[in-house]
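1. sequence and predicted structure are below.
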Amino acid sequence: MKAIRRFTVRPVLPDPLQPLSGLARNLRWSWHTETRELFQAVDPGGRRAADSDPVRLLGAVSAGRLAELAQDQQFLHRLAEVSAALQEYLDGPRWYQEQLAQGAELPAAVAYFSPEFGVTAALPQYSGGLGILAGDHLKAASDLGVPLVGVGLLYRHGYFRQSLSRDGWQQEHYPLLDPNELPLTLVREADGTPSRVVLALPGGRSLHAYIWQAQVGRVPLLLLDSDVEENAPGERDVTDRLYGGGSEHRLLQEMLLGIGGVRAVRTYCRLTGHAAPEVFHTNEGHAGFLGLERIRELSGTGLDFDSSVEAVRAGTVFTTHTPVPAGIDRFDRELIARHFGDDGELPGVGVERILQLGMETYPGGDPTLFNMAVMGLRLAQRANGVSTLHGAVSRKMFAGLWPGFDAAEVPITSVTNGVHAPTWVAPEIFGLRARYGGTPGRWDAAAGIPDREIWDLRRTLREQLVTEVRTRLAASWRTRGAEPAELGWIDGVLDPDVLTIGFARRVPSYKRLTLMLRDRDRLMELLLHPTRPIQIVVAGKAHPADDSGKRLVQELVRFSDDPRVRHRIVFLPDYGMAMAQKLYPGCDVWLNNPLRPLEACGTSGMKAALNGCLNLSVLDGWWDEWFEPDFGWAIPTADGSAMDEDRRDELEANALYELIEERVAPRFYDRGDDGLPGRWVEMVRRTVGTLGPKVLAGRMVREYVERLYAPAALAHRSLDAATARELADWKARVRAAWPRVAVDHVEAVAPSTVGGSAELGAMLGLRVRIALGALEPDDVEVQAVAGRVDAADSISDAQFFPLKPSGGQDLEGRWLYEGPLALDRTGPYGYTVRVLPAHPLLATSAELGLVALPTEATGDGAGLLMR
């Protein structure tokens with residue numbers, strides 16, 4: 001019998017236990033061991049509930065047990081200590097406050113927008129790496145004291161829960177999430193009514209949304225919820241599920257996230273007194289409409305559109321996470337036009353001006369589409385990829401927005417992702433480090449830990465994983481229709497003494513879930529080797545609309561169902577944070593074999609590394625940046641050669657098998673006289689102690705603060721209304737005059753060259769005549785660009801030498817520029833000259849995408865052979 005209405009009855013805590021409510025409502029419990037242990041003591045039999053959600057635990061514990069705890073002096077003492085520790089964490093100065101005290105100029109607050117947040121399994125608002133990264137960003141910001149406000153959407157069905165059919169086909173389930181049963185609080189006005197934001201839709205309709213708040217340590221996370229009675233059914237379902245629905249549904253989600261998100265931040269700051277953000281960080285293009293809302297805000301103060309764009313750009317940071325154009329949201333221009341302007345959002349802002357922001361104006365772009373990443377880049381003065389390699393890939397992918405510049409100069413930097421250690425490192429590992437002097441800020445303590453203790457702990461964690469796998473596997477088979485009498489074999493699945501390899505991630509085709517199955521006989525030999533066997537734990541979700549991904553899952557599942565190997569390889573459905581926190585510590589090796597360079601970062605290997613798990617990966621994402629032989633193995637790739645994908649997979653699969661067979665497994669099983677694999681243990685020690693500090697989210701957030709947030713805040717403060725108008729007018733004047741800017745003549749003065757050669761260390765003087773049209777020398781910078789040249793005279797590893805004005809204009813109106821060029825490299829060498837716009841408020845000289853270069857007839861040539 002089904003209930004006709006569902007609601008939540010909250011527990012009434014006795015007065016001595018009131019602090020439990022505050023502890024449960026602050027998600028710091030998800031990474032604070034003492035708080036989790038306290039909740040486990042509330043109901044020792046409900047340990048799993050406490051691990052996943054103290055709010056739910058408090059709702060389930062009996063009144064008798066609460067009364068008993070209210071009289072338990074030992075428990076009340078622990079409660080007081082944990083509660084005081086939380087208050088000190090929330091109120092005390094941390095790294096950010098220390099920087100301010102030392103005179104650093106930092107933003108008063110930062111608003112961080114993301115379509116998903118993976119903070120804890122108790123708040124399932126994530127699908128994969130993007131959300132987990134966003135959650136770790138919030139937690140690290142909280143630990144560092146960064147005044148950040150997170151902004152996202154509250155999906156009533158989350159992403160989806162995954163199960164398997166009898167034949168191994170992925171099944172999706174969307175359980176309804178009740179916000180009243182989650183660690184959330186509804187934001188309310190002073191009179192107690194729920195706060196809300198409203199968006200205008202075509203045809204006079206409106207989209208209403210409530211604002212829910214999750215407290216992530218010191219950081220408020222605002223989540224917008226369209227399940228509001230005033231909404232029509234279609235609008236009410238806008239936040240039904242993550243990454244669901246058609247194009248218009250996704251557009252409404254992204255309008256609510258960006259436009260509604262800014263309005264939610266304004267509401268929150270008005271109600272709480274929180275500092276207004278000076279910097280807005282867009283985590284991927286989904287939230288790009290936040291820039292349009294801020295333009296609307298400024299337009300309402302009398303600032304024109306172009307000046308508003310400059311003011312918005314100054315304080316905006318855009319992070320791209322995708323290495324392929326197919327991963328970017330693109331909408332039909334007509335759909336955008338229908339939802340904006342006088343019959344939709346942002347009335348008074350010209351639709352054509354909005355459309356231009358997302359137009360693919362570069363070669364190969366589609367002018368009928370509105371590109372969210374393109375808009376994000378145009379509305380952000382600072383942009384980054386999420387690893388060094390991904391930064392290079394992004395510069396090449398978006399180079400068309402900066403015509404005339406080599407990809408290396410495209411103004412997209414990189415901040416390599418990191419992971420939040422307290423969330424992902426097993427408590428046992430923290431405990432072992434602490435016994436030998438390790439602290440949250442000190443990882444080199446691993447050097448002093450005896451081999452025996454490291455190896456014994458690795459086996460303990462592997463044994464815990466074996467238990468977890470058997471429990472989950474049995475549940476999965478029961479869901480697939482198996483009878484208990486059929487499942488006795490599960491008691492023999494995996495062995496705590498066998499080399500364990502983990503592979504868990506989303507299942508797009510480029511991550512190559514089934515590369516390990518390329519030669520099944522060879523894989524079977526590795527799994528069943530008589531003296532050096534391996535075992536593999538696999539997990540991952542395919543997007544509900546991705547049948548090709550589902551076929552990959554089914555292929556893997558069917559192989560793992562084979563009675564000959566099912567004790568050595570398993571597929572666990574419903575991969576999520578709770579499962580991952582068991583997988584990373586329990587595996588010895590973390591496998592990653594994407595098509596290079598399509599992995600933007602790949603943080604799962606970082607989490608594994610912090611737990612002493614060695615990486616076996618293609619040199620992609622973060623592993624390309626920080627790989628050392630002490631930390632694991634690099635799978636050779638064939639990405640530099642022109643071959644079909646099938647042949648590439650074959651070569652790289654063979655390389656993977658050889659590595660496992662010849663290097664990985666022998667090192668794990670090679671034991672010394674003491675019975676320990678000494679070289680393996682040393683790799684574990686080096687991974688934790690040396691690689692560990694690099695992959696931390698704290699390092700990542702500090703980089704964002706110092707390299708992006710702080711400069712953005714200074715730029716924001718520099719652009720008051722008058723300055724924004726001046727900058728916009730200057731850019732308009734430069735763009736109008738640029739067609740008449742030219743390098744008219746280049747002349748080299750000494751040293752003498754013989755047969756096109758010059759000697760290392762010589763100085764070459766350059767005299768250049770520049771036509772500036774209506775511009776003045778203060779509007780530009782003139783540079784000599786020099787470096788090694790190839791057979792096509794393309795310059796690589798370029799150096800830039802400023803040339804300075806020398807005298808006024810000649811009779812033809814040209815300006816003379818001069819300067820030295822140091823010849824400091826040997827081999828084929830060349831130079832050219834270019835003119836760039838220059839203004840003190842530009843973040844880079846490439847910002848306008850304008851450059852003037854010599855024509856072939858300009859001067860005396862530029863090729864030299866250095867001796």
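-> Perfect, I can see it now. Please read all numbers here as calculations on a predicted model, not as lab measurements.
2. next, the buried residues of the helix ranked longest in the chain.
-> Determined from DSSP state H, the single longest helix within the chain is helix 451-479. Going by neighbour count (16 or more other CB atoms under 10 Å), the buried part of helix 451-479 is 451, 454-455, 457-458, 461-462, 464-466, 468-470, 472-474, 476-477. Yep, even glycine has a C-beta here, placed from its N, CA and C like the rest.
3. state the mean pLDDT of that helix.
-> Mean per-residue pLDDT for helix 451-479: 97.
4. just stretch 205-224 next, same as before
-> 98.
5. ends of it, what's the gap?
-> End-to-end distance of stretch 205-224 (CA to CA, to the nearest Å): 18 Å.
6. list the buried residues in it.
-> In stretch 205-224, counting by 16+ other CB under 10 Å, buried: 207-224.
7. narrow those residues to those in helices?
-> Per DSSP H, the buried residues of stretch 205-224 never map to helices.
8. what about those, which are in strands?
-> 207-216, 219-224 (DSSP state E).
9. what's around the residue lying closest to Thr413 once chain neighbours are set aside, how many residues?
-> Once flanking residues are discounted, Thr413 sits nearest to Asn384: 4.9 Å by CB to CB, 6 or more residues apart in numbering. For Asn384, the tally of surrounding residues (other CB atoms under 10 Å) stands at 23.
10. same check, this time on the one 4 residues further on
-> In terms of burial, Thr388 registers 18 neighbours under the definition other CB under 10 Å.
11. that one reaches Ile412, doesn't it?
-> No: between Thr388 and Ile412 there is no contact under CB atoms under 8 Å: 11.8 Å.
12. between those two, which contacts overlap?
-> Shared contacts of Thr388 and Ile412, defined by CB atoms under 8 Å, 6 or more residues apart in numbering, are absent.
13. so what strands line up beside the longest strand seen in the chain?
-> Counting residues, the longest strand found in the chain (DSSP E) is strand 795-809. Sheet pairing of strand 795-809 (DSSP bridges) gives strand 780-789 (antiparallel), strand 814-822 (antiparallel).
14. out of the ones you listed, deepest packed?
-> Highest mean neighbour count among the strands paired with strand 795-809 (mean count of other CB atoms under 10 Å): strand 780-789, with a mean of 21.
15. got the contact list for it?
-> Residues contacting strand 780-789 (CB under 8 Å, 6+ apart): 741, 766, 768, 770, 772, 795-803, 817, 819, 821, 825, 827-838, 845, 863.
16. what of stretch 736-744?
-> 768-775, 780, 814, 833-835, 837, 850, 852-855, 858.
17. roughly how far does Leu346 sit from Arg313?
-> Using CB to CB, to the nearest Å, Leu346 is found at 17 Å from Arg313.
18. again, but for Gln381
-> 4 Å.
19. swap in Gly145?
-> Gly145 sits 27 Å away from Arg313, going by CB to CB.
20. okay, the two: which has more neighbours?
-> Arg313 (26 against 21).
21. per-residue confidence at the more buried one?
-> pLDDT, Arg313: 97.
22. how about Gly348?
-> If you check Gly348, the pLDDT there is 81.
23. next, it: phi, psi?
-> Backbone torsions of Gly348, given as degrees, to the nearest 10, read phi 90, psi -20.
24. now for the closest residue to it other than its chain neighbours: which residues touch it?
-> In this structure, Gly348 finds its nearest non-sequential neighbour in Ser299, 6.6 Å apart by CB to CB, 6+ apart. Contact analysis of Ser299 by CB under 8 Å, 6+ apart lists Phe305, Ser308, Gly348, Val349.
25. if I look at Leu714, how far off is Ala101?
-> For Leu714, the distance to Ala101 (CB to CB) stands at 18 Å.
26. so between those two, which is more surrounded?
-> When Leu714 and Ala101 are compared for neighbours, Leu714 comes out ahead with 15 against 9, by other CB under 10 Å.
27. OK, contacts around that one?
-> Per CB under 8 Å, 6+ apart, neighbours of Leu714: Glu105.
28. kindly export the helix or strand hosting it (C-alpha atoms) in CSV.
-> Taking DSSP states H and E as the definition, Leu714 sits inside helix 710-718. What follows is helix 710-718, C-alpha atoms only, in CSV (Å, rounded to 0.1, in the frame of the first residue of the first chain):
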residue,chain,number,x,y,z
ALA,A,710,43.9,37.6,-6.7
PRO,A,711,44.8,39.1,-10.1
ALA,A,712,41.1,38.9,-11.1
ALA,A,713,40.1,40.8,-7.9
LEU,A,714,42.7,43.5,-8.6
ALA,A,715,41.4,43.8,-12.1
HIS,A,716,37.8,44.0,-10.8
ARG,A,717,38.8,46.8,-8.4
SER,A,718,40.6,48.7,-11.2
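29. which helix or strand lies directly C-terminal to that helix?
-> helix 721-737.
30. pLDDT weak spots in the chain?
-> Residue ranges of the chain with pLDDT under 70: 1-2, 4-10, 46-51, 440-442, 641, 750-756, 856-867.
31. done for today, thanks.
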